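Chemist: Fold the following, please.
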Amino acid sequence: MSEKKEEWKECKDPKSGKTYYYNRVTKKTQWTKPIPAEDGAAAGDAATAVGAASDPDNWRTRVDKTRDKSYYYNKVTKETTWTKPACLDGVEPKQSTATAVSSEPPKAEKQWREVTDIKSGRTYWYDKVTKQTTWTDPNKKVAGEKESAGADSAAADSDPAELEKSQTAQQMLKLKQRMQENAENEIAETETGNEESEDLAFIFAKHRHGFWNRKLRMGEVQGDSKLMTFKKSLIKKALLKKNRDLDVEAVQSFKNVMSYMGDRKSSKPAIEHAKKLLRNIMFLPIGIRDELYMQICKQTTQNPRIASAIKGWELMVFCVATFPPSKQLKTYLLDFITKAIEENIDPKITALAEVAKTNLPKIILMGHRKQVPSKLELESLINSKPVAIQVNLCNDTFKTLATDSYTLVKDIEDELVKKYNLTCRSPFAMYERAGANVERILSPDDRILDILASWENRGYKDEVEVVEKKSSRRSKFDNHKDANKQVQKVVLEYNSFLYKAKLVLKMDNGEIMGDPEAVNLIYVQATQDVITERYPFAEKDITVIAALQLQATFGNYSPEVHQQGWLAPKITEYIPRSLISIKGMVNENKVKEWECKILSKYQKVTDFTALDAKLNYLDYVQEWTFYGATFFTVEQRQFREYPSPLTLGINCEGVLLMHPENKTVLENYQFTDIVTWGHSDEKFIVVVGNILQQRKLIFKTSDGKHMNHLIHDYVKFKVKSIKK
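Modeler: The predicted structure is shown next:
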């Protein structure tokens with residue numbers, strides 16, 4: 001029987017509100033609008049359909065907005081397909097301008113992948129197309145859907161009343177299934193370990209309003225825009241789906257954010273909240289850093305209080321100075337910062353956002369910091385000002401330089417080379433200092449403000465064991481306890497920067513001699529090494545080098561000016577204090593005695609230029625065995641007759657082993673005697689001897705890396721000099 005147009009009636013489903021069609025003759029119901037057919041046309045339907053399907057003019061291309069993907073639609077046969085029909089080879093179909101599609105686009109076939117949760121060991125399924133996850137086997141669900149579809153078809157052949165009952169039952173069943181899936185997906189939100197999860201890194205967790213809605217996982221889920229809007233109360237869990245296993249840490253982070261911004265009462269200073277927040281985040285998994293960035297974005301979006309929003313942007317600048325966002329978040333974060341600049345809500349906010357935008361690429365390139373920024377650095381960031389640091393020479397003269405959160409030690413070294421007009425720069429390096437003759441070389445790739453922050457964060461204290469009294473030859477390195485050995489712990493607190501020569505070369509080095517400024521820095525370093533008694537000295541040399549130092553400083557001797565009593569007030573700038581002291585107290589008679597000797601020698605070096613006087617000074621001191629040595633405290637167990645710990649020195653001639661108290665040389669190995677050397681985290685190893693006979697010396701120390709590099713650089717300079 002042919003189905004005429006007037007036999008169909010348009011009806012509305014009262015539950016869903018959708019329109020369906022009911023045939024009063026056949027009692028058939030369907031959701032799609034019936035296509036009228038003429039009597040006797042049924043026989044030609046098949047042939048017509050084939051012809052229409054192969055005609056390129058009948059095909060149109062349309063875009064499925066839900067998937068943002070194009071598909072093909074035949075206006076005659078109503079056929080839809082994702083793949084391009086064969087008849088369109090070499091032909092571009094027309095773009096459809098219709099606002100509605102009479103037939104839905106083909107559904108993409110789900111691609112379920114079976115994955116094991118690395119934390120619980122349970123199996124779940126992940127769809128690569130829709131990004132959906134579920135704990136239940138979706139293949140079984142597909143079978144159930146087919147049965148449900150059969151039931152729908154049977155219901156569609158009944159009258160509207162039966163159809164309504166069937167649809168109601170199906171809706172209840174689907175609602176129940178949806179609730180179950182929501183509960184499963186809430187559990188699956190904590191999964192971040194599978195190989196596909198990188199695409200899920202920037203997905204928000206499901207946040208619902210109301211206690212029972214959160215507990216039962218029911219109710220409306222907050223949209224992204226609402227979730228990322230200022231909230232005056234605490235969040236209940238992490239904002240990002242990947243951080244659900246860090247809910248406690250995320251909530252604590254949000255508390256600190258609110259406290260710093262002034263949206264939560266606290267007796268602690270705001271800057272302390274910032275330091276605590278950054279300190280906590282730095283030692284947590286990397287995902288929590290993105291969480292903090294998103295929390296700041298949330299609390300600065302539509303914030304009703306400008307003062308609070310400004311504090312939030314200060315936090316943003318702090319974070320950008322401390323650690324980078326993930327690669328999934330960086331684009332979003334840059335867009336967020338740019339939007340804030342364009343909106344120009346407040347001049348201070350705009351200024352802070354511009355700082356964040358400028359510095360974001362820097363922190364992404366350099367990576368996270370080793371230290372939480374100091375209070376000085378945080379205050380400078382708030383005011384968009386550089387941090388001024390003071391770098392001393394050995395005589396406590398200094399240069400002041402401007403730095404920021406991204407300045408490296410090697411950047412400061414480059415600036416100092418310019419300020420001191422050095423052409424020979426390789427022997428010099430930056431140190432941190434903890435008092436006279438206690439320094440530690442800095443790595444060129446460290447951030448200079450990390451060093452500054454380390455002094456504040458934990459005092460950068462190192463405990464060094466110093467032997468006060470030891471009668472036995474057994475050492476701590478032998479793991480023997482000695483009742484007669486008393487150990488005192490000396491705490492070293494680094495608190496200033498120092499620029500000095502790490503390689504103290506002799507004056508026969510052509511590269512040094514070609515740079516008068518380098519000679520001057522080495523000369524200044526040598527004078528301080530003498531008066532601070534870094535090196536043992538002979539008293540017969542002291543009067544001569546003190547006179548040369550006076551000549552370099554004041555020029556020629558003048559009887560009218562340089563009389564007895566002139567040098568006394570400043571004599572400790574030229575000779576060691578111990579020479580004029582008795583039991584630690586300066587003795588006036590000794591002062592007069594030494595002043596007389598020095599002034600007598602001063603008269604004999606007249607007409608020396610300042611440079612000649614400095615070179616002569618260096619000629620004297622470079623003949624001392626210890627000249628230019630960098631000293632390390634090491635433990636040893638191979639020399640039974642020597643104490644442990646003892647002092648190991650490295651200079652331009654080789655490696656020295658010294659008694660820690662009387663500073664006598666115990667062993668002296670020239671570089672020509674050293675076969676090879678190396679280090680580990682806790683040891684320094686040097687092999688001495690020749691090809692036929694060798695001895696491996698092992699020392700316990702945490703400075704093995706520095707010692708290794710120091711020998712390498714000295715040997716490199718020596719080889720370079722020989723080639724020239």
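
Chemist: Now do the same contact list for the residue nearest to residue 238 when sequence neighbours are not counted.
Modeler: Nearest-residue entry for residue 238: residue 250, 3.8 Å, with adjacent residues in sequence omitted and distances by C-beta to C-beta, 6 or more residues apart in numbering. All C-beta atoms are positioned from the backbone trio N, CA, C, and that covers glycine. Shown in contact with residue 250 (C-beta atoms under 8 Å, 6 or more residues apart in numbering): 235, 237, 238, 239, 243, 288, 291, 295.

Chemist: From these, list just the buried residues.
Modeler: 235, 237, 238, 239, 243, 288, 291, 295 (16 or more other C-beta atoms under 10 Å).

Chemist: Make TSV out of these and add distance to residue 527.
Modeler: TSV is the format used below for the buried ones among the contacts of residue 250 (distance: C-beta to C-beta, whole Å):
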residue	distance to residue 527
235	62
237	64
238	60
239	61
243	58
288	52
291	55
295	56
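
Chemist: which of those residues lies closest to residue 587?
Modeler: residue 288 (63.8 Å; C-beta to C-beta).

Chemist: surely residue 406 meets residue 359?
Modeler: Yes: with contact defined as C-beta atoms under 8 Å, residue 406 counts as touching residue 359 (7.0 Å).

Chemist: Overlap of the contact sets of the two?
Modeler: Common neighbours of residue 406 and residue 359, counting by C-beta under 8 Å, 6+ apart, are residue 321.

Chemist: Sort out which of the buried ones among the contacts of residue 250 are in helices and list them.
Modeler: 288, 291, 295 (DSSP state H).

Chemist: For residue 407, see how far away the second one is.
Modeler: When distance is defined by C-beta to C-beta, to the nearest Å, residue 291 is 28 Å away from residue 407.

Chemist: that older thread, where is pLDDT lowest across the contacts of residue 250?
Modeler: For the contacts of residue 250, the minimum pLDDT belongs to residue 243; the value there is 74.

Chemist: gap between that one and residue 288?
Modeler: 6 Å.

Chemist: Could you do residue 510 as well?
Modeler: For residue 510 relative to residue 288 (C-beta to C-beta), the value is 56 Å.

Chemist: same deal with residue 501?
Modeler: Using C-beta to C-beta, residue 501 is found at 44 Å from residue 288.

Chemist: rewinding a little: let me know the closest of the buried ones among the contacts of residue 250 to residue 425.
Modeler: Of the buried ones among the contacts of residue 250, the one sitting nearest to residue 425 (C-beta to C-beta) turns out to be residue 288, at 41.9 Å.

Chemist: Verify the stated contact: the closest one with residue 251.
Modeler: No: assessed by C-beta under 8 Å, residue 288 is found out of contact with residue 251, at 11.2 Å.

Chemist: Tell me where the model's unsure across the stretch 351-500 of the chain.
Modeler: The stretch 351-500 of the chain contains residues with pLDDT under 70 at 459-492.

Chemist: now the strands for it?
Modeler: In the stretch 351-500 of the chain, the strands defined using DSSP state E, counting those that start in this stretch lie at 387-392, 398-403, 428-433, 439-441, 461-469, 486-493, 496-501.

Chemist: partners of the shortest one in the sheet?
Modeler: In this case it means strand 439-441. Within its sheet, and counting by DSSP bridges, strand 439-441 is paired with strand 428-433 (antiparallel).

Chemist: What would the strand it pairs with look like as CSV? C-alpha coordinates only.
Modeler: Extracted C-alpha coordinates of strand 428-433, given in CSV (Å, rounded to 0.1, in the frame of the first residue of the first chain):
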residue,chain,number,x,y,z
PHE,A,428,88.5,34.5,37.6
ALA,A,429,85.3,33.3,39.1
MET,A,430,82.4,34.2,41.5
TYR,A,431,82.4,32.8,45.1
GLU,A,432,80.2,33.0,48.1
ARG,A,433,82.0,33.9,51.3
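
Chemist: What strand or helix carries residue 256?
Modeler: Using DSSP states H and E, residue 256 sits in helix 247-261.

Chemist: could I have that helix exported to CSV, CA atoms only?
Modeler: Extracted C-alpha coordinates of helix 247-261, given in CSV (Å, rounded to 0.1, in the frame of the first residue of the first chain):
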residue,chain,number,x,y,z
ASP,A,247,43.1,17.5,46.6
VAL,A,248,44.5,18.2,50.1
GLU,A,249,47.6,20.0,48.7
ALA,A,250,45.4,21.9,46.3
VAL,A,251,43.0,23.1,49.0
GLN,A,252,46.0,24.2,51.2
SER,A,253,47.4,26.1,48.2
PHE,A,254,44.1,27.9,47.8
LYS,A,255,44.1,28.8,51.5
ASN,A,256,47.5,30.4,51.1
VAL,A,257,46.4,32.2,47.9
MET,A,258,43.3,33.6,49.7
SER,A,259,45.4,34.6,52.7
TYR,A,260,48.0,36.5,50.6
MET,A,261,45.2,38.2,48.7
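
Chemist: Identify all contacting residues around the helix or strand just after it.
Modeler: Per DSSP H and E, helix 247-261 leads on to helix 270-282 as the next helix or strand towards the C-terminus. By C-beta under 8 Å, 6+ apart, the residues outside helix 270-282 that reach it are 249, 252-253, 256-257, 259-260, 262, 266, 288-289, 292, 311, 314-315, 318-319, 322-323, 368-369, 372-373, 375, 378-379, 457.

Chemist: Now do the buried residues in helix 270-282.
Modeler: 273, 274, 275, 276, 277, 278, 280, 281, 282.

Chemist: want to try a markdown table for the residues you listed, with pLDDT as columns?
Modeler: Shown next, in a markdown table, are the buried residues of helix 270-282 (pLDDT from 0 to 100):
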| residue | pLDDT |
| --- | --- |
| 273 | 88 |
| 274 | 90 |
| 275 | 89 |
| 276 | 88 |
| 277 | 89 |
| 278 | 91 |
| 280 | 87 |
| 281 | 87 |
| 282 | 84 |
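
Chemist: and which of those residues is nearest to residue 582?
Modeler: residue 275 (49.4 Å).

Chemist: before we move on, back to that, only whichever of the contacts of helix 270-282 are buried, select them in PyMOL.
Modeler: In PyMOL, this line selects whichever of the contacts of helix 270-282 come out buried by 16+ other C-beta under 10 Å:
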select buried, resi 249+252+253+256+257+259+260+288+289+292+311+314+315+318+319+322+323+369+372+373+378
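
Chemist: and residue 298, helix, strand or coil?
Modeler: Secondary structure, DSSP: H, G, I helix; E, B strand; the rest coil: residue 298 is helix.

Chemist: And the pLDDT at it?
Modeler: At residue 298, pLDDT is 88.

Chemist: Ok, residue 160 next?
Modeler: Per-residue pLDDT puts residue 160 at 45.

Chemist: Kindly report the same for residue 549.
Modeler: pLDDT, residue 549: 90.

Chemist: Kindly report the same for residue 113.
Modeler: Note on residue 113: pLDDT of 71.

Chemist: give me phi/psi at it?
Modeler: phi -120, psi 130 (degrees, to the nearest 10).

Chemist: Give me the neighbour count for the spatially closest residue to residue 59 that is not a sequence neighbour.
Modeler: With sequence-adjacent residues excluded and distances taken as C-beta to C-beta, 6+ apart, residue 59 is closest to residue 93, at 4.5 Å. For residue 93, the neighbour count with other C-beta atoms under 10 Å is 20.

Chemist: so residue 93 sits right up against residue 55, yeah?
Modeler: No: the pair residue 93 / residue 55 is not scored as a contact, 11.2 Å apart, by C-beta under 8 Å.

Chemist: Can you give me the end-to-end span of stretch 659-668?
Modeler: 12 Å (C-alpha to C-alpha, to the nearest Å).

Chemist: With stretch 22-32 instead?
Modeler: Terminal-residue distance, stretch 22-32 (C-alpha to C-alpha): 10 Å.

Chemist: now it: mean pLDDT?
Modeler: Stretch 22-32 carries an average pLDDT of 72.

Chemist: Now find how far off-centre it is within its chain.
Modeler: Centroid separation between stretch 22-32 and its chain, computed with C-alpha atoms, centre = their mean, to the nearest Å, is 67 Å.

Chemist: Check stretch 538-551 too.
Modeler: For stretch 538-551 - counting by C-alpha atoms, centre = their mean - the centre lies 51 Å from the chain centre.
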